[in-house]
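A.B. asks: return atomic coordinates for the entry below.
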Amino acid sequence: MRRLLIATRNAHKLDEIRGLLPGVEIVGTEGWPGVPDPEETGATFEANAAIKAEAWRDATGLPTLADDSGLEVEALGGAPGVRSARYAGAHGDTAANNAKLLRELAGVPAAGRGARFVCALALAVPGEATRTLRGECRGRIVEAARGAGGFGYDPLFVPEGEAKTFGELPAETKARLSHRARAFAKARAEWALGEEDNANKG
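C.D. replies: Model (predicted):
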């Protein structure tokens, strides 16, 4: 599979995915401005990724890859989960989302602040069953935001094996440890996406 539609309108994400899938011709959704984004009604990251991938596959006839990601906190029963981007109400209000998360965890000791970032990928190919997989990055939530790097919950999340938050760590370190990088590494290996797999096959 050398040509792949990515079900996103985010140009930054497209550039990131091009770097994660070398050798694949990545196509964005800008060529189909009249196609509406599907409503993400799934209860899991995998379900929402599949909804997006299947909708765009059906609309374009192209093999389509979609992702859905977010943060799960153990002390909150997995919240914010699939509602990570709209945890405080409005979609994408990072400051409000982070403030709500810290309020919900007020008084919870460090040992109880375990969390993980999750990235689920769905691959929808015409005539085939949709496939899904996930990548995870485990860590913990700190008591106050640290660092100005990254985005979303990054200033609150310290990955396992590190002392700094994603907001403090260099971008290349985050790229190596992140849930998205791990998910795409699996996709290259398990779905034969990208140059790496062809080389491994000899």
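A.B. asks: rest of the way, CA atoms for contacts and neighbours
C.D. replies: Fine.
A.B. asks: hey, where'd the helices end up in the chain?
C.D. replies: Secondary structure of the chain (DSSP state H): helices at 11-20, 45-60, 94-104, 171-177, 179-190, 195-200.
A.B. asks: any chance of the ones you listed in a markdown table, plus mean pLDDT and mean neighbour count?
C.D. replies: Shown next, in a markdown table, are the helices of the chain (pLDDT from 0 to 100; neighbours: other Cα atoms under 10 Å):
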| stretch | mean pLDDT | mean neighbour count |
| --- | --- | --- |
| helix 11-20 | 85 | 14 |
| helix 45-60 | 97 | 22 |
| helix 94-104 | 97 | 16 |
| helix 171-177 | 89 | 13 |
| helix 179-190 | 94 | 20 |
| helix 195-200 | 45 | 12 |
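A.B. asks: so which of these gets nearest residue 151?
C.D. replies: Each of the helices of the chain has some distance to residue 151 by Cα to Cα; the shortest is helix 94-104, at 7.9 Å.
A.B. asks: chain center to the closest one, what's the gap?
C.D. replies: Distance, stretch centre to chain centre, for helix 94-104: 19 Å (Cα atoms, centre = their mean, to the nearest Å).
A.B. asks: so what touches that helix?
C.D. replies: Identification of contacts with helix 94-104 by Cα atoms under 8 Å, 6 or more residues apart in numbering yields 76, 84, 85, 86, 87, 88, 143, 144, 151, 152, 153, 156.
A.B. asks: how close does residue 105 get to residue 80?
C.D. replies: Distance from residue 105 to residue 80, counting by Cα to Cα, to the nearest Å: 12 Å.
A.B. asks: what's the answer for residue 171, then?
C.D. replies: For residue 171, the distance to residue 80 equals 24 Å [Cα to Cα].
A.B. asks: now do residue 8
C.D. replies: 22 Å.
A.B. asks: could you do residue 42 as well?
C.D. replies: From residue 42 to residue 80 the distance is 14 Å (Cα to Cα).
A.B. asks: neighbour count for these two, which is higher?
C.D. replies: Per other Cα atoms under 10 Å, whichever of residue 42 and residue 80 has more neighbours is residue 80, with 19 against 13.
A.B. asks: list the residues that contact the more buried one.
C.D. replies: Residue 80 sits next to 70, 71, 72, 73, 87 when contact means Cα under 8 Å, 6+ apart.
A.B. asks: what degree of burial does the third one show, as a neighbour count?
C.D. replies: So that's residue 72. Residues lying near residue 72 (other Cα under 10 Å) number 21.
A.B. asks: and the gap between the residue lying closest to it once chain neighbours are set aside and residue 114?
C.D. replies: Spatial nearest neighbour of residue 72, excluding adjacent residues (Cα to Cα, 6 or more residues apart in numbering): residue 78 at 4.4 Å. To residue 114, residue 78 is 10 Å away according to Cα to Cα.
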